[in-house]
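1. sequence and predicted structure, then a few things I'm wondering about:
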Amino acid sequence: MSAPGERRPVDVAVGVLVDGDGRFLLTSRPAGKVYAGYWEFPGGKLETGESVEGALRRELHEELGIEIGDVQPWKVEIVDYPHARVRLHFCKVRSWRGAFEMREGQSMSWQTLPVDVVPVLPGTVPVLRWFAAERGHAGPTHVEG
């Protein structure tokens, strides 16, 4: 139950696509959206009655034109942005079919640590820290933008 005055979080499915070389996919937020130009892991809001996996499959097809394989739920993080409070459901995805199409005019970049695209969306930073812990990466996880 939310406390009075507390904003109820919006559930968002987030795909952490990891390729065979251990690189992960970041995409830029399209023009016209909040935080346009910021880099993030792709995904989107759950629709009413939709599961995290269902939303992730739908969103990655709509945004990137791919069909994803197995979805591995990873971590959940709540982030308070000025425009919304979001509950980010991060899922690792290691297989997909189809060629990437940037259907919303966004850009994409395969990255390793430290990430060199800027600026990075605040909700992306925890994931970079988790990768650093998993991979024994010391030092900065990204360039401050």
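-> Yes, it's here.
2. what lines up beside whichever strand or helix holds V14 in the sheet?
-> Per DSSP states H and E, V14 falls inside strand 10-17. Within its sheet, strand 10-17 is paired with strand 43-45 (antiparallel), strand 85-93 (parallel), according to DSSP bridges.
3. format those strands as CSV; extra columns: mean pLDDT.
-> Formatted as CSV, the strands paired with strand 10-17 follow (pLDDT from 0 to 100):
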stretch, mean pLDDT
strand 43-45, 97
strand 85-93, 97
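4. skipping adjacent residues, who's closest to the spatially most central residue of the chain in space?
-> In the chain, the residue lying closest to the centroid (Cα atoms, centre = their mean) is F41, at 2.4 Å. Leaving aside its chain neighbours, F41 sits nearest to V14 (4.9 Å; criterion: Cβ to Cβ, 6 or more residues apart in numbering). To be clear about C-beta, it is placed using only N, CA and C from the backbone, and glycine gets the same treatment.
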